[in-house]
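Colleague: Just to be clear, the model below is a prediction. Sequence and coordinates:
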Amino acid sequence: MYWLPKDRVRLLVNRLAESYAVYGPRRDEVSGEVVYDRLEGLERLDLQAAIPYNPPKHALLPQYEEILKYLYQKQSQKVTIEKISKVEPKALVGLRACDLNGILCLDRFFLGQEFVDEVYLEHRQKLFIISNTCVRPFPQCFCVCTDSGPAAGEGFDLDLTLAGQDYLVLVGSRKGQKLVEDLGLREAGSEAQHLREKIVAESVSSFDNFALENKAWVSRATNRLTTGFIKPEVWEYIGNQCFECGACSFVCPTCSCFNVEDVNRVGGPTDRVRTWDSCSFEGYTKMAGDHNPRKPVEDRRNKRFFCKLSYSQSKKYLRPGCVGCGRCARVCPGDIGLPNVVTYIRREITGE
Amino acid sequence: MKNQLVPIVTMPEVATVVDIREEIADVRTFYFTFDRPEIERAFRIRSGQFIMCTVFGAGEFAVSLPFSPENDRKHISVRKAGKVTAALHELQPGDKIGIRGPFGNGFPFEEIKGKNVIYVAGGIGLIPLRSSIVHVLQHRPDFGRMILVYGARSSRDLMYKDSIREWQATRDFETYFTIDRPEPGWTGQVGFVNQLVAGLNLPAENTVAFVCGPPVMFNAVIKELKLKGIKEQDIYSTLERHMKCGIGKCQHCAIGRTLVCVDGPVYTYRQIKTLGEQI
């Protein structure tokens, strides 16, 4: 491990900016929200800021992305199809452990199944990741329940943990090693590992009661949900609370469903675009001829919870699909963010 | 089967519509060949797979493949049902389409050699079954009894009339046809497909059944087949879903814990029952 004095973070980021578009958390001046986005001015990077409103998934899976472009000239029967490739190398700085785990879920899903998603792969190959330990949990957080925080375990190039006035830097890759050497960071002694563990343990113990109490319940909910031992009334209640707004999907670090559409430019070529989609939308499964195999309350509005918690999905991600960031709970107008759903299932079991 | 081409995953391959045939109202068959000779030569499918077809300027849709993996003209049969399929129906011979695929698992072939094969189709449900029917016919000595039960609303709604005529004249292929209401000149049965199935002497041992048609017909037929003693794991069907990618990433076609595009589209009835969603 290495030491990075707080005031040298700028140096690190400037170095990254030479070869990467730098993404990081910053406070939005108008709304006051912490957003995770490309940093126009590097001085806006705020590593102490609370967990950002949005996860970093748009860096890998943009909300609207042109994946190819074609032109069909009918007169001459000539078709040209071109792959659109404007993926730039990105450095994701100050990633919270939950969000890094979210990316690892996306990796396993997009790169580790029957097919490799070439579009995702291109984004992924050009990432530099610097994670940031949450030395204090935030009120919405429950990553201790989903084994995805408050500190990163894998998947980073560099990992930062604030210890007093300095960051402890853990190296996770050759790229990361090269960067700390280039910056001439001071090597930390053998006490560093212990110090980091202590900081993480302190953070874990300061989680809200809500998160600590639910710790065992996420896995119990998973069990119930997989084996089908949840009463239809519970799903019905949850289904009736859902507005089908899709906000939970959009702020979820692991939700990755997309739509594909061909968009004609006036007098020019057609773009094939991918856009974010959500399984809670009515049109998601609607087929031509208006046949919709999913019923709204029973099938559609609870689909997402199966995706996050059931064993079969967990097999794809090699962990639960929920990383405990608490964002869905924050944005849901119907009060059925994932933590609440776990609570409803828990109440059903305990009869509280 | 080992001779499968690595599917065309991201960039559609350009193909030319060489011939168009009017099948029934709103359903046309489009014969196509790939523009690049190396793709035309290498393109291989399994019965029961599907492709993603691009109608340039309109979009892409998933469609089952009705042609045999061997010695059969490449074609798709498509009902005009939405925006993209309507645009497809506007095409003329010589026009271009884009193809990705083939995707999906396909019907069993090697595994069912030596068995009796029953096909039960309703309406345009014959489209995805045609590939397997033709393929099994091409290897007829390898299989036991071969039976087709096919029904449609009226005689005008029967798909692939040329193929049907050929099949009726084929020895060792028992074919039964039914339409919902009587018509002058109709010599087949009258009634629903399940009623026709109920009245037939079907083998149950060492038998597989392939069923495809509208949900109401499907459920009624399954009931009859089970009464005949055919096991749930020996009844196969192919499912349709809204699909956007074909490669298991967009997740639109998720049913239960499976994705129709990679785990399907062919499922046994035993699997379908456990998926927990209507078909």
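Modeller: Perfect, I can see it now.

Colleague: buried sites along the lengthiest strand in chain A?
Modeller: Ranked by number of residues, the top strand in chain A under DSSP state E is strand A:64-73. By 16 or more other C-beta atoms under 10 Å in any protein chain shown, the buried positions in strand A:64-73 come out as A:65, A:67-70, A:72. From N, CA and C alone the C-beta is placed, and that goes for glycine too.

Colleague: How about stretch A:272-286?
Modeller: For stretch A:272-286, the neighbour count (16+ other C-beta under 10 Å) marks A:272-274, A:276-281, A:284-286 as buried.

Colleague: send the alpha carbons of it over as PDB?
Modeller: Extracted in PDB, the C-alpha atoms of stretch A:272-286 (Å, rounded to 0.1, in the frame of the first residue of the first chain):
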ATOM      1  CA  ARG A 272     -29.400   2.100 -34.500                       C
ATOM      2  CA  VAL A 273     -29.600   3.300 -30.900                       C
ATOM      3  CA  ARG A 274     -29.700   1.600 -27.500                       C
ATOM      4  CA  THR A 275     -31.600   3.300 -24.800                       C
ATOM      5  CA  TRP A 276     -32.200   2.400 -21.200                       C
ATOM      6  CA  ASP A 277     -35.400   0.500 -20.600                       C
ATOM      7  CA  SER A 278     -37.200  -0.800 -17.500                       C
ATOM      8  CA  CYS A 279     -39.100  -4.000 -16.900                       C
ATOM      9  CA  SER A 280     -41.700  -2.100 -15.100                       C
ATOM     10  CA  PHE A 281     -42.800  -0.300 -18.200                       C
ATOM     11  CA  GLU A 282     -45.900  -1.700 -19.900                       C
ATOM     12  CA  GLY A 283     -44.400  -1.700 -23.300                       C
ATOM     13  CA  TYR A 284     -41.400  -3.700 -22.200                       C
ATOM     14  CA  THR A 285     -42.900  -7.100 -23.100                       C
ATOM     15  CA  LYS A 286     -45.700  -6.000 -25.300                       C
END
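
Colleague: pLDDT on it, on average?
Modeller: Mean pLDDT, computed over stretch A:272-286, is 93.

Colleague: Centre of the chain to it, how far?
Modeller: 18 Å (C-alpha atoms, centre = their mean, to the nearest Å).

Colleague: ok, and does that stretch reach over to chain B?
Modeller: Yes: using C-beta under 8 Å from any C-beta of the partner chain, we find that stretch A:272-286 touches chain B at A:272, A:277, A:279, A:284-286.

Colleague: With adjacent residues omitted, what lies nearest to the residue positioned nearest the centre of chain A?
Modeller: Chain A has A:P253 as the residue nearest its centroid, 2.1 Å off, counting by C-alpha atoms, centre = their mean. In space, and not counting its chain neighbours, A:P253 is closest to A:G102: 2.5 Å by C-beta to C-beta, 6 or more residues apart in numbering or on different chains.

Colleague: which ones among the buried residues of stretch A:272-286 are found in strands?
Modeller: Checking those against DSSP E, those in strands are A:272-274, A:276.

Colleague: Distance to A:V30 for the residues of stretch A:272-286 next to chain B - can I get that in a markdown table?
Modeller: A markdown table is the format used below for the residues of stretch A:272-286 next to chain B (distance: C-beta to C-beta, whole Å):
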| residue | distance to A:V30 |
| --- | --- |
| A:R272 | 34 |
| A:D277 | 28 |
| A:C279 | 31 |
| A:Y284 | 32 |
| A:T285 | 37 |
| A:K286 | 37 |
